[in-house]
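Trainee: This is a predicted model, with the sequence first.
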Amino acid sequence: MQVMDAIYKRRAVRSFQSTPVSEELLQELLRAAVQAPSAVNRQPWAFAIIEGRELLRDYSERAKKHLLGVLQPGSEVYELRNMIADPNFNIFYDAGTLVVICARNSDPGAAEDCCLAAENFMLAAVDFGLATCPIGFARPWLNTPEAKRDLNLPDQYTVVMPLIVGYPATVELPPVGRKAPDIIARKRSELVELHSTV
């Protein structure tokens, strides 16, 4: 698959088959993730892998309880509190695998570098016929001391991007509309303008 195909086919998927993702395939995706660029080549990312629908259902309940306890009125997420409180709502959408991308330190750019690794992971997943979805609802709980102890994450690590991954329940998902790029500024030197008219 060409990279442009993967970019346009990637979707945030919220319905998965029960077929587990093999260890070999997960390793392939992680190898693709760490090919991302990073500031001064520090490669600040680390990964936690959580597998099993029952375990993720339990984590969903714990994450929801925490999230409802810290929601602030007026925030965008506060508007979704009824959905979060629904006992039938699983923030991991019954996926069988969660990959948590963490920054090992708080160096400038570490979180952004982890997001670049996440994008590599998601695009590589498309190439293997897998689907992904970033789960922002999970991040507040995953960054608590309780969750870090449960996952054996060092205290100084910061959870940046939780991603569910699995085989999509629907083979072909329709494209999602995107706004045109919002170019708010552009400057050109006279030299560039001269070459563009030749």
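Mentor: Good, I have the coordinates.
Trainee: give me the low-pLDDT residue ranges for the protein?
Mentor: Low-confidence segments of the chain, defined by pLDDT under 70: 192-198.
Trainee: That one: strands as residue ranges?
Mentor: Here the chain has its strands, by DSSP state E, at 45-51, 97-103, 131-134, 158-166.
Trainee: tell me which residues in the third one are buried?
Mentor: By neighbour count, and taking 16 or more other C-beta atoms under 10 Å as the criterion, the buried residues in strand 131-134 are Ala131, Thr132, Cys133, Pro134. The C-beta positions use only the backbone N, C-alpha and C, and glycine is treated the same way.
Trainee: any chance of the strands of the chain in TSV, plus distance to Trp141?
Mentor: Below are the strands of the chain laid out as TSV (distance: least, C-beta to C-beta, whole Å):
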stretch	distance to Trp141
strand 45-51	12
strand 97-103	11
strand 131-134	15
strand 158-166	9
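Trainee: Of all those, which one comes closest to Asn152?
Mentor: strand 45-51 (8.0 Å; C-beta to C-beta).
Trainee: Check this structure and tell me which residue is nearest its centre.
Mentor: Residue closest to the mean C-alpha point of the chain, counted by C-alpha atoms, centre = their mean, is Pro134 at 3.2 Å.
Trainee: from memory it sits against Cys115, does it?
Mentor: No - with contact defined as C-beta atoms under 8 Å, Pro134 does not reach Cys115; the gap is 9.3 Å.
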